[in-house]
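Chemist: Generate coordinates for the sequence data below:
(one chain, ligands or ions: 2)
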Amino acid sequence: MQSKPYSRLQKWLHLLVVVFLVVDVAFQGGMTTAFRRGVQTGEFMLSPSASMHFLIGIAVLLAVLARLTLVREQGGMQTRAALPFMAIYVLLILVALSGVLAWGLGSATVAKLHHLISLALYGVVVVHVIGRFVVEFVLKNNTLSRMFSDFW
Ligand code: HEM
Ligand code: HEM
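Modeler: Numbers count the residues shown, from 1 in each chain. Ligands and ions are numbered 1, 2, ... in the order given. As a prediction, the model looks like this:
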């Protein structure tokens, strides 16, 4: 079964979000340390790795907003599974916003929410990745190879 082709921009935005989320794992611990120190001392100072977590999170948010703007301008997503994809986008937006809010307010409660949203996001992403392999190799719909090829 063939779906419509992905635009280059769509492929790049997808790849960027994937890379950002993977790289960000290395900086979450630094942010957690900086945040907890802030809660204890009342002084919120971004360490280098906490800054990276912040910046990567904002970059993810911008990539998601760019993709959603494209969807608005060019019509729906080029797929039949638009609803689950929108759920991923909503979780990505919520995780970034809750992070900014947790840091800005110095709120341990919002930080807990941020943690829970990130867990939901990672869960959905795992299902998404397994799903894409099933679609590719069991249903023989080559979305995977098309999403990760012809970037230039
Ligand atoms: C793609 C977006 C993001 C993801 C997936 C993400 C994910 C995570 C994860 C998994 C943790 C560790 C949670 C824990 O172990 O308790 C964390 C911590 C944290 N993140 Fe993010 N984050 C994102 C963006 C942001 C942004 C933009 C900010 C803004 C400053 C931020 C602020 C924080 C803070 C303050 C903590 C410490 C929370 C705590 O100690 O309980 N995050 N983040
Ligand atoms: C790690 C974080 C990931 C996130 C947040 C994510 C998110 C998304 C989203 C939101 C879409 C919809 C694209 C659109 O805007 O039209 C999508 C599509 C897609 N993703 Fe991912 N993805 C991730 C990782 C992966 C990985 C590792 C693979 C490879 C196994 C993959 C394969 C695909 C494919 C093939 C599509 C197109 C599906 C279709 O058109 O039916 N994704 N992804």
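Chemist: Every contact and neighbour count from this point should use C-alpha atoms.
Modeler: Will do.
Chemist: is ligand 2 contacted by the helix or strand encompassing G30?
Modeler: For G30, the host element (DSSP states H and E) is helix 8-41. Yes: using C-alpha under 6 Å from any ligand atom, helix 8-41 comes into contact with ligand 2 via 17-18.
Chemist: wait, does whichever helix or strand comes after that helix contact ligand 1?
Modeler: Next helix or strand after helix 8-41 toward the C-terminus (DSSP H and E): helix 48-74. Yes: on the criterion C-alpha under 6 Å from any ligand atom, helix 48-74 is in touch with ligand 1 at 54, 57-58, 60.
Chemist: nearest to ligand 2, of these?
Modeler: Set against ligand 2, the nearest of these by C-alpha to the nearest ligand atom is V60 (9.1 Å).
Chemist: The closest one: how many residues sit nearby?
Modeler: Look at V60: counted by other C-alpha atoms under 10 Å, it has 22 neighbours.
Chemist: so what's the closest residue to it other than its chain neighbours up against?
Modeler: Residue nearest to V60 in three dimensions, not counting chain neighbours: V17, with 5.7 Å by C-alpha to C-alpha, 6 or more residues apart in numbering. Taking C-alpha atoms under 8 Å, 6 or more residues apart in numbering, we find V17 in contact with 60, 63-64.
Chemist: Format those residues as a markdown table; extra columns: pLDDT and distance to ligand 2.
Modeler: Listed next are these as a markdown table, based on pLDDT from 0 to 100; distance: C-alpha to the nearest ligand atom, whole Å:
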| residue | pLDDT | distance to ligand 2 |
| --- | --- | --- |
| V60 | 97 | 9 |
| A63 | 96 | 10 |
| V64 | 96 | 8 |
